[in-house]
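Visitor: quick one: sequence and predicted model below, then my questions.
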Amino acid sequence: MTESRCDVLVIGGGPAGSTISALLAERGRDVVMLEKERHPRFHIGESLLPLIMPLFDRLGVGEEIRSIGMPKYGAEFVSPWHDQPVMYDFADAWDKSFPSTYQVRRSEFDEVLFRNAVRNGARAREGCRVTGVEFRPGGAEVTARDENGPGQTWQTRFVVDASGRDTFLASRFGIKRRNPRHNSAAIFGHFSGATRLPGKVEGNISLFWFDHGWFWFIPLADGATSVGAVCWPYYMKTRKTEPRQFLLDTIALCPALADRLRHAELVSPVTATGNYSYSADRATGDNCLMLGDAFAFVDPVLSSGVLLAMHSAFVGADTVETCLDRPQRARRALKAYDASVRRGIRVFSWFIYRVTTPSLRHLFMNPNNQFRLQEAMLSVLAGDVYRSVASLGARLLAFKALYYILSVCNLRKSLAAWKRRKQAIGDSDAETAVT
């Protein structure tokens, strides 16, 4: 067991960990980043949002991301309860400055960010799993073990948890909670030969509703298409076959999606995961903070995951600097960080919690820009959830009021959806059912 020292130790080398490591190393901090796997490695979450584009440019990786990305100009919504699909363009959002983004294969995308952190001076270790942490005044002692056996200890002034769904610190602190308002599970794989949208919108994400949840359809630049189902637990518990066949059987329940995949071939293993949504009681502690999925994860219906992770890394880098350089301001800085990461999750979550309800589905499938309400909703779809724009905030409130009015006017459907949702939330065995 060898011992080393550093200013900041980052657990995890995904988008959040790589981003904060690059930012802090660029500012002259001695940063160690420990990643349990080796890049490139598979990861889900291939769809990005337009408001992430400025973050790439600030990191200096904009051109690299463009070289591996599939242009994405908007989102298509397909409902079996409505006659025609609806397409939304990001160029029609409240702020017209961010008309597009990319779909990315995460193995390539994550490696670009990881190697950028190394170029900026971070000391990165792959195949190195963190096994323990002991906090003390002024820092922490972190232990880790390489995949081939040797162990190491780091004395660090600050710990950043970017371990993703492993939730390293939240699990050890006992503060991770299953989301009481939104419990779902997912099953997904990659297909070749899927029928895509024509022309410029070929790379747009498509969302298909069906009786038990919703599907994503994400075209990638190399010809593959990521397809996944996010379902309520009661449906996942009906699985009697292995995951591959269960995914294909689930796709068959959605005729519009099945038609797009009529000539497609499943070319990847099928992965399933349960107990999808969770959050920690807090995002910070003495000499530590949590980024992205290490703090909270919500349903991916709005493709918010990577933006939430990278935004938390940018805010987190400033927070760590304050804690190290001006410890008398640490408590205030950590409190502000916690509020910032919760803000984005809160805005997205209002839509996410209601996306399968009849009223919100009606609003999505019947676009109307009266009073600029559609532009406000599109701003959320584009990821514009952190800037404080009074006029935009007022329109979002009006959009929510319209949703509640529709729910009251369609009380029978709303109550039926609520009862079904309550059944899904009350069933906490999804993870066992799909693993």
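Guide: Right, received. Where do you want to start?

Visitor: can I take it that E76 is in a strand?
Guide: Yes - under DSSP: H, G, I helix; E, B strand; the rest coil, E76 falls within a strand.

Visitor: any idea how far P85 is from it?
Guide: Remark: distance between E76 and P85 (Cβ to Cβ, to the nearest Å) = 5 Å. In this view, the C-beta of every residue, glycine as well, is placed from N, C-alpha and C.

Visitor: who touches both of those two?
Guide: S206 (Cβ atoms under 8 Å, 6 or more residues apart in numbering).

Visitor: just the helices in the stretch 151-300 of the chain please.
Guide: 168-173, 233-236, 243-251, 255-260 (DSSP state H, counting those that start in this stretch).

Visitor: what lies in contact with the longest one?
Guide: So that's helix 243-251. 187-189, 212, 215, 227, 229, 231, 239, 241, 257-258, 261, 266, 269-272, 434.

Visitor: which of those fall in strands?
Guide: Using DSSP state E, the subset of those located in strands is 187-189, 215, 227, 229, 231, 266, 271-272.

Visitor: closest to D384 out of those?
Guide: Nearest to D384 out of the ones in strands among the contacts of helix 243-251 is F215 (Cβ to Cβ; 25.3 Å).

Visitor: for that closest one, give me the pLDDT.
Guide: pLDDT, F215: 97.

Visitor: ok, it - contacts?
Guide: 207-208, 227-230, 251, 254, 257 are the contacts of F215 under Cβ under 8 Å, 6+ apart.

Visitor: so the closest residue to R178 other than its chain neighbours versus W350, what's the distance?
Guide: Once flanking residues are discounted, R178 sits nearest to Y278: 5.3 Å by Cβ to Cβ, 6 or more residues apart in numbering. Distance of Y278 to W350, given as Cβ to Cβ: 18 Å.

Visitor: again, but for S171
Guide: 27 Å.

Visitor: same check on A122?
Guide: 36 Å.

Visitor: same question for A124.
Guide: 37 Å.

Visitor: ok, the two, which is more surrounded?
Guide: A124 (21 against 15; other Cβ atoms under 10 Å).

Visitor: so what's the backbone phi/psi at that one?
Guide: Main-chain dihedrals, A124, degrees, to the nearest 10: phi -110, psi 140.

Visitor: shouldn't it be in contact with S21?
Guide: Yes - using Cβ atoms under 8 Å, A124 is in contact with S21, at 7.2 Å.

Visitor: common neighbours of the two, please.
Guide: What both A124 and S21 touch, as defined by Cβ under 8 Å, 6+ apart, is the set 13, 33, 117.

Visitor: just among the residues you listed, which is most surrounded?
Guide: Of these, with other Cβ under 10 Å as the count, G13 tops at 31 neighbours.

Visitor: from T143, how far out is that one?
Guide: 18 Å.

Visitor: one step back: so which of the helices of the stretch 151-300 of the chain is the most packed in?
Guide: Ranked by mean neighbour count, the helices of the stretch 151-300 of the chain are led by helix 233-236 with a mean of 22 (mean count of other Cβ atoms under 10 Å).

Visitor: now do that one: which elements does it pack against?
Guide: strand 185-192, helix 411-426, helix 430-434 (3 or more Cβ pairs under 8 Å, 6 or more residues apart in numbering; DSSP states H and E).

Visitor: go again using 10 Å as the cut-off
Guide: Identification of packing neighbours for helix 233-236 by 3 or more Cβ pairs under 10 Å, 6 or more residues apart in numbering; DSSP states H and E yields strand 185-192, helix 243-251, helix 411-426, helix 430-434.

Visitor: so which residues of the stretch 301-435 of the chain form helices?
Guide: Using DSSP H, counting those that start in this stretch, helices in the stretch 301-435 of the chain cover 305-325, 330-354, 358-365, 373-381, 390-409, 411-426, 430-434.

Visitor: redo those as CSV? Include distance to R106 and mean pLDDT.
Guide: Output for these, formatted as CSV (distance: least, Cβ to Cβ, whole Å; pLDDT from 0 to 100):
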stretch, distance to R106, mean pLDDT
helix 305-325, 9, 98
helix 330-354, 20, 95
helix 358-365, 26, 94
helix 373-381, 21, 95
helix 390-409, 30, 93
helix 411-426, 28, 63
helix 430-434, 21, 40
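
Visitor: now tabulate these in CSV and tack on distance to N148.
Guide: Shown next, in CSV, are those (distance: least, Cβ to Cβ, whole Å):
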stretch, distance to N148
helix 305-325, 29
helix 330-354, 35
helix 358-365, 51
helix 373-381, 45
helix 390-409, 52
helix 411-426, 44
helix 430-434, 31
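
Visitor: tell me which of those sits nearest to A93.
Guide: By Cβ to Cβ (comparing all of the helices of the stretch 301-435 of the chain), the closest turns out to be helix 373-381, at 3.9 Å.

Visitor: dump the C-alpha coordinates for the closest one into CSV.
Guide: Extracted C-alpha coordinates of helix 373-381, given in CSV (Å, rounded to 0.1, in the frame of the first residue of the first chain):
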residue,chain,number,x,y,z
LEU,A,373,-46.2,29.1,-24.0
GLN,A,374,-44.7,26.7,-26.6
GLU,A,375,-41.5,28.7,-26.7
ALA,A,376,-41.2,28.5,-22.9
MET,A,377,-41.8,24.7,-22.9
LEU,A,378,-39.2,24.3,-25.7
SER,A,379,-36.7,26.2,-23.6
VAL,A,380,-36.9,23.4,-21.0
LEU,A,381,-36.5,20.8,-23.8
